[in-house]
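>>> model this:
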Amino acid sequence: MSRFQTVFAARERRGALRYDVRVSAIIVPNESTTSLPCMIRDISQTGAMIDLESGPVPSEFALVFSRQCYVVRRNKDGTKIGVEFQIPWSIHP
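Numbers count the residues shown, from 1 in each chain. Model prediction:
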């Protein structure tokens, strides 16, 4: 089996499609107020790959990130809106 086929087979076993992104984020440990900066490298509905500037990281934490966006549609009373990210997720199949 070639390297490409091996990598492709590994990707196919994942439960959710991953998207290649470069998004700055913050790790907020549950038991501490000290946060750690990080970079989300890829993301899916079920998880993400994160690069850390420093460690260690506890077993459980909140991952906080934001995306700049603008409104592309809204309902009449303004209680529901559709938004578009100013910088879209990069998708590399």
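>>> Closest to the centroid, which residue in the protein?
The residue lying closest to the centre of the chain (CA atoms, centre = their mean) is I43, at 3.9 Å.
>>> What residues are bridge-paired with that one?
Assessed by DSSP bridges, I43 has beta-bridge partners Y19, A48.
>>> per-residue confidence for it?
Looking at I43, its pLDDT is 88.
>>> and it, what is it in contact with?
Counting by CB atoms under 8 Å, 6 or more residues apart in numbering, I43 touches 18-19, 21, 23, 49, 89. Bear in mind the C-beta positions are built from the backbone N, C-alpha and C, glycine included.
>>> Need the distance between the two termini of stretch 67-77.
24 Å (CA to CA, to the nearest Å).
>>> How far away from the center of its chain is that stretch?
Centre-to-centre, stretch 67-77 and its host chain are 21 Å apart (CA atoms, centre = their mean, to the nearest Å).
>>> residues making contact with that stretch?
For stretch 67-77, using CB under 8 Å, 6+ apart, the contacting residues are 23, 80-87.
>>> How confident was the prediction at M1?
Reported pLDDT for M1: 47.
>>> Check T34 too.
So T34 comes in at 82 (pLDDT).
>>> count of neighbours near it?
8 (other CB atoms under 10 Å).
>>> three-state assignment of it?
Secondary structure assignment for T34 (DSSP: H, G, I helix; E, B strand; the rest coil): coil.
>>> Could you measure from it over to L52?
Remark: distance between T34 and L52 (CB to CB, to the nearest Å) = 13 Å.
>>> same thing with Y19?
20 Å.
>>> Pick out whichever of the two has more residues nearby.
Y19 (17 against 12).
>>> I'd say the more buried one and G47 touch.
No. Under the criterion of CB atoms under 8 Å, Y19 is not in contact with G47, lying 11.6 Å apart.
>>> Where do the strands of the protein begin and end?
Ranges of strands in the chain, per DSSP state E, are 19-29, 36-43, 48-52, 61-64, 69-74, 81-85.
>>> Single out the most deeply packed of the ones you listed.
Mean neighbour counts were compared across the strands of the chain using mean count of other CB atoms under 10 Å; the top stretch is strand 36-43, at a mean of 17.
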